[in-house]
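Q: after the sequence you'll find the predicted model.
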Amino acid sequence: MKRKFRLVEGGKLAKPSIFADLEALRIPDDDPAGVDNDLPRRKRRGRKPHMPQIEGEFAPVLPERLWDRQYDFVYPPRTRLYLFIVMRSRRGLEPFPLTNDMTANLAISGHHKTEYLKELEQHGLVVVTRRGRATVVVSAEG
């Protein structure tokens with residue numbers, strides 16, 4: 001942007017003041033027509049819904065212990081799978097596709113994954129959505 005210079009008294013060149021331009025744009029405080037309170041508020045992005053409040057007693061489980069073979073006697077395979085689904089689905093808020101690679105980290109084979117999911121679904125602990133032979137989508141029953 002080119003700045004224009006203007007002559008002032010005495011024949012000298014002077015730069016125009018940027019503050020003079022801002023003063024012309026300022027809305028007077030006593031002008032109610034210039035105030036617009038009905039502007040839409042900006043939406044917050046990326047916020048996930050709050051997790052449901054837990055009622056009753058509960059105990060936190062460290063995710064590392066689910067795939068650590070040292071704790072197999074504490075967390076049997078069905079329990080590991082159920083706890084993993086509860087954690088990964090954020091207690092039922094976000095269904096997710098459960099792959100054989102995910103269950104392999106829990107030391108559960110693909111065949112046993114299907115068997116355990118059927119049992120958990122029969123007891124009403126998880127919701128399983130089957131898409132033919134594709135990967136199943138699971139979430140914990142809230």
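A: Arrived safely, thanks for sending.
Q: stretch 125-132: end-to-end distance?
A: End-to-end distance of stretch 125-132 (C-alpha to C-alpha, to the nearest Å): 22 Å.
Q: stretch 105-116 too?
A: 15 Å.
Q: and it, what's its mean pLDDT?
A: Averaged over stretch 105-116, pLDDT sits at 90.
Q: quick one: buried residues of it?
A: L106, I108, K113, Y116 (16 or more other C-beta atoms under 10 Å). Quick note: C-beta positions are derived from backbone N, CA and C, even for glycine.
Q: tell me the contacts of the third one?
A: The contact partners of K113, taken as C-beta atoms under 8 Å, 6 or more residues apart in numbering, are L81, L98, N100, T103.
Q: just give me the closest of the buried residues of stretch 105-116 to L62.
A: Nearest to L62, judged by C-beta to C-beta, of the buried residues of stretch 105-116 is L106 at 13.8 Å.
Q: pretty sure that closest one contacts R69?
A: No. L106 lies out of contact with R69 (C-beta atoms under 8 Å); the separation is 10.2 Å.
Q: is A107 in contact with Q70, as I believe?
A: No. Contact criterion C-beta under 8 Å: A107 and Q70 do not qualify, at 11.5 Å.
Q: mind listing the strands for the chain?
A: All strands of the chain, identified by DSSP state E, fall at 6-7, 13-14, 96-98, 126-129, 136-140.
Q: just the buried positions in the longest one, please.
A: Which is strand 136-140. For strand 136-140, burial by neighbour count (16+ other C-beta under 10 Å) applies to V136, V138, S139, A140.
Q: okay, those in CSV with distance to H123 next?
A: Below are the buried residues of strand 136-140 laid out as CSV (distance: C-beta to C-beta, whole Å):
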residue, distance to H123
V136, 17
V138, 14
S139, 15
A140, 12
